[in-house]
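Asks: need a structure here:
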Amino acid sequence: MPPPKSKIENPKSHWWQRLLPFAARPSAPDAEVVFPPGFLESLERLRVAALKAAGGGLHEGHRLGAFRGGQLEFHDHRSYSPGDDLRYLDWSLYARLGRPFVKEFAREEAGCLHLLLDATPSMQLGRPSKWTFARRLAALFGHVAWKAHDLVHACAFRGPGRELTRYPARGARPSSTAFVDWLRRERLAEPEPQAADAPARAEAGALNEAVRAFLRAGPPRGHVFVIGDFWQEEAELAESIRLLGAAGHDVAGIHVLAAEELLPPETGPVRVLNLEAAGELELTLTPAALARYAAELDAHAQAVQRIFRRRGGLYLHERSDTPLEKILIQTLRRRRWVA
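Replies: Residues are numbered from 1 along each chain as shown. Sure thing, here's the model as predicted:
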């Protein structure tokens, strides 16, 4: 006989941050096809399309975000191709030779892109899961950076006291293919055992500990992309972004949520799980509870955005089922993340 359903209401707890509708059935990211055949080739097609859509052609110097290090200098000429930005057309050369050429530029100093990936248990939610989406997005960003001759480093964090895995390994030769293989092998953390009467908690301190471990390694100054669901307390997130900024990094946040988190189930009795620690409970969703959920979630997302913007960083909020084409060609171009 199933346990009785009851209304759960505790205004002091952030239950909306920690609970998953059981009926949504979290996906098994290890069983998902993270990188389908031809994925690397599709990344290159997306990169070319995005750069042309951004109006910059395919000259060197395109990079992710607005990292302040490294200046552009003239590198060479090449023949004009349809879609190249006319701003880079060398009109004096055209007047002399009667043929169009565009100027190419190179950066005096290579930039560095750091990717911090949230691998805590809550990232398993979604179809595809937030974890699968985060890895695909990381592969996309890494590919664009490598094509601009930037350095690419990545870390996956799983919570306090858990392993922080890094790419590339010491002494390893980095490449787009090797990076995709590393992302394919990375796994989410398992939920911690928790007593039945213990309050539901996220991985408190997961991001802050990861940022401190990242900075202790003395990474080169660059642009840090933090990709996760940001189910951290806002004070912890603000402190983490402050530390990155104080170390001289430019910071961007990619806030990934599953459709089930943005659109909870209809009203009625449901069973919910805490993905960050083993445990579940029964509750009844009422219209008032769903309205509160939507208001709290919106307020939290706005707070996350303010934290990044306050430090001069970029912010992007997407669902885990968003096509990569939309991310790169539409969102990144519109917000000038590809510059």
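Asks: and the helices in the stretch 101-250 of the chain?
Replies: Using DSSP state H, counting those that start in this stretch, the helices of the stretch 101-250 of the chain run over residues 130-147, 176-185, 206-216, 234-246.
Asks: quick one: these as a markdown table, columns for mean pLDDT, mean neighbour count and distance to residue 121 too.
Replies: All C-beta atoms are positioned from the backbone trio N, CA, C, and that covers glycine. Below are these laid out as a markdown table (pLDDT from 0 to 100; neighbours: other CB atoms under 10 Å; distance: least, CB to CB, whole Å):
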| stretch | mean pLDDT | mean neighbour count | distance to residue 121 |
| --- | --- | --- | --- |
| helix 130-147 | 90 | 24 | 9 |
| helix 176-185 | 92 | 16 | 18 |
| helix 206-216 | 95 | 20 | 10 |
| helix 234-246 | 95 | 17 | 17 |
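Asks: and of the ones you listed, who's closest to residue 263?
Replies: helix 130-147 (14.8 Å; CB to CB).
Asks: what helices or strands is the closest one leaning on?
Replies: helix 39-53, strand 112-118, strand 151-157, helix 176-185, strand 223-228, strand 250-257, helix 324-325 (3 or more CB pairs under 8 Å, 6 or more residues apart in numbering; DSSP states H and E).
Asks: okay, now the unreliable bits of the stretch 201-339 of the chain?
Replies: 201-204, 265-284, 329-339 (pLDDT under 70).
Asks: and if you look at the stretch 51-200 of the chain?
Replies: Within the stretch 51-200 of the chain, the segments meeting pLDDT under 70 span 51-76, 83, 104-110, 192-200.
Asks: hang on, the earlier thing: now distance to residue 224 too, for the helices of the stretch 101-250 of the chain, in a markdown table please.
Replies: Converted to a markdown table, these look like this (distance: least, CB to CB, whole Å):
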| stretch | distance to residue 224 |
| --- | --- |
| helix 130-147 | 11 |
| helix 176-185 | 16 |
| helix 206-216 | 8 |
| helix 234-246 | 5 |
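Asks: give me the phi and psi for the nearest residue to residue 301 once chain neighbours are set aside.
Replies: Excluding the flanking residues, the one nearest residue 301 by CB to CB, 6 or more residues apart in numbering is residue 317, at 6.0 Å. With angles defined as degrees, to the nearest 10, residue 317 sits at phi -120, psi 120.
Asks: residues touching residue 317, list them.
Replies: Shown in contact with residue 317 (CB atoms under 8 Å, 6 or more residues apart in numbering): 255, 257, 301, 305.
Asks: and the two most separated of those residues?
Replies: 257 and 305, at 13.1 Å, using CB to CB across these.
Asks: which of the two has more residues huddled nearby?
Replies: Between residue 257 and residue 305, residue 257 has the larger neighbour count (other CB atoms under 10 Å), namely 20 against 17.
Asks: quick one: the strands in the stretch 1-150 of the chain?
Replies: Here the stretch 1-150 of the chain has its strands, by DSSP state E, counting those that start in this stretch, at 19-21, 72-79, 101-107, 112-118.
Asks: list the contacts of residue 205.
Replies: Contacts of residue 205 (CB under 8 Å, 6+ apart): 159-160, 236.
Asks: follow-up on the earlier one: what's across from the residue nearest to residue 301 in the sheet?
Replies: Beta-bridge partners recorded for residue 317 (DSSP bridges): residue 255.
Asks: and of the helices of the stretch 101-250 of the chain, who's closest to residue 114?
Replies: helix 206-216 (7.4 Å).
Asks: how near is residue 231 to residue 307?
Replies: 14 Å (CB to CB, to the nearest Å).
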